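Peer 1: Return a 3D structure for these sequence lines:
(one chain, ligands or ions: 2)
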Amino acid sequence: MSKMVPIDYEEALQRILELAASSQNEAESLPIAQALGRITAEEVFSQTHVPPFHRAMMDGYAVTEADRQGNQPLKVMGRLAAGDWPAEKLQPGTCYKIMTGAPIPEGTAAVVRHEWCEVLEQGNMIRILEIAARGESIQNAGMDGKPGELLIPARTRLYAEHLAILSAFGQERVRVFHKPRVSILTTGSELISPGTPLLPGKIYGSNGMFLENALRADGAHIVRHAHIPDQREKLQEAIENAAHSSDWVILTGGVSKGDFDFVPSILENIAGKLSISRVLMRPGGPFVAGKVNQCKLIGLSGNPSAMYIQYHVLLRPAILYSQSEQIHLFETRARLAEDIHLKSVPHVRFLRSKARIIDGVWHVWPSEQQSPGLVRGLADCQAIMKSQESQLKKESWVNIQILPLAFS
Ligand SMILES: Nc1nc2c(c(=O)[nH]1)N[C@H]1C(S)=C(S)[C@@H](COP(=O)(O)OP(=O)(O)OC[C@H]3O[C@@H](n4cnc5c(N)ncnc54)[C@H](O)[C@@H]3O)O[C@H]1N2
Ligand code: MOO
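Peer 2: Ligands and ions are numbered 1, 2, ... in the order given. Here you go, the predicted structure:
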């Protein structure tokens, strides 16, 4: 294989985003109930008035302009519930009993809430006890939106809130970008799954479980998740097959210098040329990326925490970018909560950290245990701290990336 030329982290990020850009833009129309987490491919405009009619915002009585000050007892002409439609115009000297959400009759100047009225003659008459302002407890048609108004910009990830808005505006379907199709291939003859007895020399794997769930939470469709033994031919065949039906093939393990680390040479073989063959960062330096046709081929480290850092600082931004979502990394400034003394390295470090806001300022505690082979500390990792320095004093300002919780 060609000589691996390590590149800076910033350069690697740029290159992987360039690879990701090639799969943007294919879109489909989906029923809104199936669109959670998808990204809008176009602006969504209102087709209608919401609410569609002027409506009561309190349970009470609809009264005319002449009567809202409460001069005389009013005759109750009838009762309007949400879902009814008032047939008659409201006349001075009369009122309608009205429920929250019901359309107000024509001629209504205010809805006087129940508590502000005295009920007379078994409910056939009322007296207003408090003067109601003009428009009191009335919501006008179109207050939430009118035809032609922008509801949701293009390139917005749809959360429950957006789907509620689309539903309220009567939109049955929405045009969204395709999910990136991702295959995950774990490698390593030492790996077994929970539920299998732990044999000598074997370990239970964790990277596949992390990647599948984190990628799903970040909008990917997992088309394949398989474990491939450390055999060059089998691995090459599995990668080529996966590349036919995927936008991304993501491997973990086998990317460094060992006798069974076949991933870089196979990816170079398939891609012709690698875009990234190693990154000057710690942890996570062993990282390879290339492309065959439109499929991105990514080799992540096998060490669980190195892979985790690579996911958050390189792969995740690219997966999001391929869905037209751009994230700005390491823009949060935080105060270091304690001194750090690390072995000096000539390149950037990413430290798994705890982080929280104290008096409006982010504070960050890099975990004591930064070994890339460990996994348990990930439960306590709220942020990644980026630093070129190996020695830093408490209270120094540093840049951090707050992490999403991969729940979905
Ligand atoms: N001579 C050199 N050796 C190493 C270098 C180097 O530059 N020169 N780099 C080191 C660094 S840094 C890292 S990171 C690792 C990367 O290793 P690989 O990506 O080749 O991964 P493996 O050797 O296959 O495994 C490393 C470690 O991780 C465990 N592993 C693998 N897959 C999983 C999984 N799915 N779940 C949990 N744990 C996994 C594996 O058992 C190993 O313990 O290389 C260093 N070596
Ligand atoms: O860069 Mo490796 O990721 O330290 O174990």
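
Peer 1: Looking at the record's assignment, how would you partition the protein?
Peer 2: Using automatic domain parsing, the domain parsing of the chain gives 7-26+178-322, 28-50+143-177, 55-139, 331-407.

Peer 1: right, so those: which one is the most enclosed?
Peer 2: domain 7-26+178-322 (a mean of 19; mean count of other C-beta atoms under 10 Å). Just so you know, the C-beta spots here come from the backbone N, C-alpha and C atoms, and that holds for glycine as well.

Peer 1: For the domains of the chain, please prepare JSON lines with the additional fields distance to ligand 1 and mean pLDDT.
Peer 2: Converted to JSON lines, the domains of the chain look like this (distance: least, C-beta to the nearest ligand atom, whole Å; pLDDT from 0 to 100):
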{"stretch": "domain 7-26+178-322", "distance to ligand 1": "3", "mean pLDDT": "95"}
{"stretch": "domain 28-50+143-177", "distance to ligand 1": "25", "mean pLDDT": "96"}
{"stretch": "domain 55-139", "distance to ligand 1": "54", "mean pLDDT": "96"}
{"stretch": "domain 331-407", "distance to ligand 1": "5", "mean pLDDT": "92"}
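
Peer 1: Same list (those domains) but as a markdown table, adding distance to Met1.
Peer 2: Shown next, in a markdown table, are the domains of the chain (distance: least, C-beta to C-beta, whole Å):
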| stretch | distance to Met1 |
| --- | --- |
| domain 7-26+178-322 | 4 |
| domain 28-50+143-177 | 35 |
| domain 55-139 | 68 |
| domain 331-407 | 22 |
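
Peer 1: Dump those domains to a markdown table, plus distance to ligand 2.
Peer 2: What follows is the domains of the chain, written out as a markdown table (distance: least, C-beta to the nearest ligand atom, whole Å):
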| stretch | distance to ligand 2 |
| --- | --- |
| domain 7-26+178-322 | 3 |
| domain 28-50+143-177 | 30 |
| domain 55-139 | 58 |
| domain 331-407 | 3 |
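
Peer 1: Could I get the full set of helices for this protein?
Peer 2: In the chain, the helices defined using DSSP state H lie at 9-21, 160-168, 207-217, 232-244, 263-271, 304-310, 316-322.

Peer 1: got a list of what Gln388 touches?
Peer 2: Contacts for Gln388 (C-beta atoms under 8 Å, 6 or more residues apart in numbering) come out as 347-349.

Peer 1: Phi, psi for it please.
Peer 2: Main-chain torsions, Gln388, degrees, to the nearest 10: phi -90, psi -10.

Peer 1: Name the nearest of the contacts of Gln388 relative to Pro283.
Peer 2: Proximity of the contacts of Gln388 to Pro283 was ranked by C-beta to C-beta; the top entry is Arg349 with 8.3 Å.

Peer 1: returning to that earlier point: cross the contacts of Gln388 against strands and list the overlap.
Peer 2: 348-349 (DSSP state E).

Peer 1: Going by distance to Arg173, which of the contacts of Gln388 wins?
Peer 2: Nearest to Arg173 among the contacts of Gln388 is Val348, at 44.7 Å by C-beta to C-beta.

Peer 1: and the closest one, what does it touch?
Peer 2: Val348 makes contact with 8-9, 280-282, 386-388, according to C-beta under 8 Å, 6+ apart.

Peer 1: again, only this time at 6 Å
Peer 2: 9, 281, 388 (C-beta atoms under 6 Å, 6 or more residues apart in numbering).

Peer 1: residues in contact with stretch 100-109?
Peer 2: With contacts defined as C-beta under 6 Å, 6+ apart, stretch 100-109 is touched by 53-56, 58-59, 62, 64-65, 68, 80-82, 84, 86, 89-90, 96, 134, 138.

Peer 1: Just give me how far it sits from the chain centre.
Peer 2: Its chain's C-alpha centre and that of stretch 100-109 lie 40 Å apart, by C-alpha atoms, centre = their mean, to the nearest Å.

Peer 1: Same question for stretch 165-173.
Peer 2: In this view, stretch 165-173 has its centroid 20 Å away from the chain centroid, taken as C-alpha atoms, centre = their mean.
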